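> the amino acid sequence is not available; the structure is as follows:
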Ligand SMILES: Nc1nc2c(c(=O)[nH]1)N[C@H]1C(S)=C(S)[C@@H](COP(=O)(O)OP(=O)(O)OC[C@H]3O[C@@H](n4cnc5c(N)ncnc54)[C@H](O)[C@@H]3O)O[C@H]1N2
Ligand code: MOO
């Protein structure tokens, strides 16, 4: 069996960024940039005040000295003017400072008398002046290709002063849940032996959060004819097909066979991880097919570990960014781990990461609060509260 890292390396070889499109900045939130976004001009474009106060020269050493107040600069003022050493200009936050000024004194320190102003001791050492280009220079790349336009990055994107940007198209994903026993939520109690189909709901939500568009949802019964037909329909409408269940070695595990007629080329199958051993990846022409185990915890863990990086990479994002495991402190102990590399579902708390009690692949209720995955190498010894572990937001 492959290791997790070997499987991810293979995934990286088969995923390519999709087509791109140009959008108005306002419509590009949450999308991945396909072309770098460079600043049209510097920010600030002129040297400006960071406070409401008075621009003077003489720095922070002139407490008590009177200055002649010769004018006022507001944000947007076209001509910043200039001052001599005994003069001051009233400035508002964001206003250009006059030539010759080297300090803005906050108005809380000012004493005004007619058209004169002086300042109390202690107004320094900050000069409250933002130098031209101190945030970024003209032509600086503010958002690199492959970055996502998060709410934070949207600020920088708009600050670049461009009306449009070029982003990757949203991957179209079709999801197929396989299994005779599955029933849509709300109908399972009506049929003895059925279980609510849950795995695809987590997968679909993850797709949306990752910027993909879910273009089809299918439920396939465990007959090869029906599954082959559904596989064909899903491949026709999607860039990526995710199939849940039927991934293991049982007589009715048809997730891979259903794509064989369509020309499936396997990229990897069966990984030495727990949960998620049966996860597999294939290609049908330019389309990717990801097979997730049916057990809901396994499906969600493998969606996080494989589908999330895959969707990012289809949009030009980096896989490493999606799999950045960070050192975290354990909030409770962990037993010795299995002979497979293990991804422990845990919830964050003020004490550190607390592993969920139920680590069964079929468990569903712990997923609500398990917001981290702890990565444990195969055969790890027991770990105690306070120990550092590597973990990934889940
Ligand atoms: N002899 C072996 N048996 C199993 C092995 C093995 O190596 N040898 N692997 C086990 C592992 S690990 C996993 S994980 C499961 C996964 O198997 P499948 O992907 O084939 O999943 P199914 O058999 O279709 O279903 C397993 C389980 O999950 C429920 N399920 C399936 N789909 C959904 C869904 N969309 N929503 C909710 N629940 C779902 C299904 O009813 C079963 O209970 O195989 C082990 N077996
Ligand atoms: O590897 Mo399976 O996903 O543990 O139950």
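Happy to help now that I have it. Quick caveat, the model's predicted, so the values are computed rather than measured. Residues are numbered from 1 along each chain as shown. Ligands and ions are numbered 1, 2, ... in the order given.
> count the residues that sit near residue 193.
Residues near residue 193, counting by other Cβ atoms under 10 Å, number 8. In this view, the C-beta of every residue, glycine as well, is placed from N, C-alpha and C.
> now it. Nearest residue, chain neighbours left out?
The shortest distance from residue 193 to any non-neighbouring residue, by Cβ to Cβ, 6 or more residues apart in numbering, is to residue 181 (6.2 Å).
> how far away is the one you found from ligand 2?
16 Å (Cβ to the nearest ligand atom, to the nearest Å).
> what about the nearest residue to residue 314 once chain neighbours are set aside, how many residues nearby?
Counting by Cβ to Cβ, 6+ apart, residue 314 lies nearest to residue 171, which is 4.4 Å off, once chain neighbours are set aside. Residue 171: 25 surrounding residues under other Cβ under 10 Å.
> shouldn't residue 171 be in contact with residue 19?
No - in this structure residue 171 lies outside contact range of residue 19 using Cβ atoms under 8 Å: 10.3 Å.
> and the residue of the stretch 151-300 of the chain found nearest ligand 1, what does it touch?
Going by Cβ to the nearest ligand atom, ligand 1 is nearest to residue 294 of the stretch 151-300 of the chain, at 2.5 Å. Neighbour list for residue 294: 178, 179, 199, 244, 245, 246, 247, 248 [criterion: Cβ atoms under 8 Å, 6 or more residues apart in numbering].
> now render the residues you listed as CSV, adding distance to ligand 2.
Below are the contacts of residue 294 laid out as CSV (distance: Cβ to the nearest ligand atom, whole Å):
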residue, distance to ligand 2
178, 15
179, 15
199, 11
244, 12
245, 11
246, 13
247, 9
248, 8
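> of those, buried ones?
Among those, those scoring as buried are 178, 179, 199, 244, 245, 246, 247 (criterion: 16 or more other Cβ atoms under 10 Å).
> can you report phi and psi for the fifth one?
Main-chain dihedrals, residue 245, degrees, to the nearest 10: phi 80, psi 170.
> again, but for the fourth one
The main-chain torsion angles of residue 244 are listed as degrees, to the nearest 10 and equal phi -110, psi 140.
> in the sheet, who's paired with it?
Per DSSP bridges, the residues bridged to residue 244 are residue 177, residue 292.
> residue ranges with poor pLDDT in the chain?
Filtered on pLDDT under 70, the chain yields no residues whatsoever.
> around ligand 1, which positions in it sit nearby?
177, 179, 181-182, 195, 197-200, 244-250, 253, 275, 277-278, 293-296, 298, 361-362 (Cβ under 6 Å from any ligand atom).
> quick one: which of the residues you listed sit in helices?
If you go by DSSP state H, these have 199, 200, 296, 298 in helices.
> quick one, what contacts the second one?
Under the criterion of Cβ under 8 Å, 6+ apart, the contact list for residue 200 reads 175, 177, 217, 244.
> among the residues you listed, which one has the most neighbours?
Neighbour-wise, the contacts of residue 200 (other Cβ under 10 Å) top out at residue 244, 30 neighbours.
> and that one, what does it touch?
Each residue near residue 244 by Cβ under 8 Å, 6+ apart is listed here: 175, 176, 177, 178, 199, 200, 203, 291, 292, 293, 294, 299.
> how about the residues you listed in JSON lines, adding distance to residue 381?
What follows is these, written out as JSON lines (distance: Cβ to Cβ, whole Å):
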{"residue": "175", "distance to residue 381": "39"}
{"residue": "176", "distance to residue 381": "40"}
{"residue": "177", "distance to residue 381": "38"}
{"residue": "178", "distance to residue 381": "38"}
{"residue": "199", "distance to residue 381": "33"}
{"residue": "200", "distance to residue 381": "37"}
{"residue": "203", "distance to residue 381": "34"}
{"residue": "291", "distance to residue 381": "33"}
{"residue": "292", "distance to residue 381": "30"}
{"residue": "293", "distance to residue 381": "27"}
{"residue": "294", "distance to residue 381": "32"}
{"residue": "299", "distance to residue 381": "29"}
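> quick one: buried residues of the top helix by length along the chain?
Longest helix in the chain by number of residues (criterion: DSSP H): helix 224-237. Neighbour-count burial for helix 224-237 flags 226, 227, 228, 230, 231, 234, 235 (criterion: 16+ other Cβ under 10 Å).
> over to stretch 114-131?
Quick answer for stretch 114-131 (16+ other Cβ under 10 Å): 117, 118, 119, 123, 124, 127, 128, 129, 130.
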